[in-house]
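Enquirer: give me a model of this one.
(one chain, ligands or ions: 1)
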Amino acid sequence: MEIPQALADRIDEVITHYPVSKRSATLPLLHLIQEHFGYISEEAITWIAAKLELEPINVLELVTFYPMLRQTPVGKHHIRICRTLSCALGGGYALLDTFCKHANIEKPDGQHHAHLLKSADGKYSVEFVECLASCGTAPVCMINDDFYEAVSEESVPELLKKYQ
Ligand code: FES
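Expert: Numbering: from 1, shown residues only. As a prediction, the model looks like this:
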């Protein structure tokens, strides 16, 4: 794992925000690593642990606890679709199927769980997530860091055009 100098500098700077216990810098560091590499590899977990004088398990337990932290690479454009109550009732499940269809993502029949699915060309990935805190405008989704409310199945092709 190659950490570019700019990222290394940023990491060192972030650690200084936690003079009492470097351990508190674990989450900010995980976010920086994910932002840069797209996911958090085993190597990154070991690297962060060494940097903060922790055991790798101390870092891994955070990675597995928070759903927004990923251990596998996603597509160039990552789509998150809410599947919690309001969005499920508002069509979130059908929305995932529609995204899969238009993004050329093969979805095994009957798979309704939170597995990450990817298109063969690596351009798109999709997954269900839990409540994105906009239940009144269900169904909602995120594409990369962009948030979309009241997403209709009809709007999907147009939406995907923005992410090529
Ligand atoms: S249920 Fe989807 S945003 Fe809350």
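
Enquirer: is the residue nearest the centre of the chain in a helix, a strand, or coil?
Expert: The residue lying closest to the centre of the chain (C-alpha atoms, centre = their mean) is M68, at 4.8 Å. Put simply, M68 is coil when judged by DSSP: H, G, I helix; E, B strand; the rest coil.

Enquirer: what about this structure, any weak spots by pLDDT?
Expert: 110-114 (pLDDT under 70).

Enquirer: so where do the strands sit in the chain?
Expert: 77-82, 117-118, 124-129, 141-143, 146-148 (DSSP state E).

Enquirer: partners of the shortest one in the sheet?
Expert: As defined by DSSP bridges, the strand partners of strand 117-118 come to strand 124-129 (antiparallel).

Enquirer: which bits of this protein sit near the ligand?
Expert: Proximity of the chain to the ligand is confined to C82, T84, L85, S86, C87, C131, L132, A133, S134, C135, A138, V140 under the rule C-beta under 6 Å from any ligand atom. Just so you know, the C-beta spots here come from the backbone N, C-alpha and C atoms, and that holds for glycine as well.

Enquirer: now the nearest residue to the third one once chain neighbours are set aside: how far from T98?
Expert: Using C-beta to C-beta, 6 or more residues apart in numbering and skipping the chain neighbours, the partner closest in space to L85 is C135 (7.4 Å). In this structure, C135 lies at 20 Å from T98, with C-beta to C-beta, to the nearest Å as the measure.

Enquirer: neighbour count for those two, which is higher?
Expert: The residue with more neighbours, out of C135 and T98, is T98; 19 against 16, by other C-beta atoms under 10 Å.
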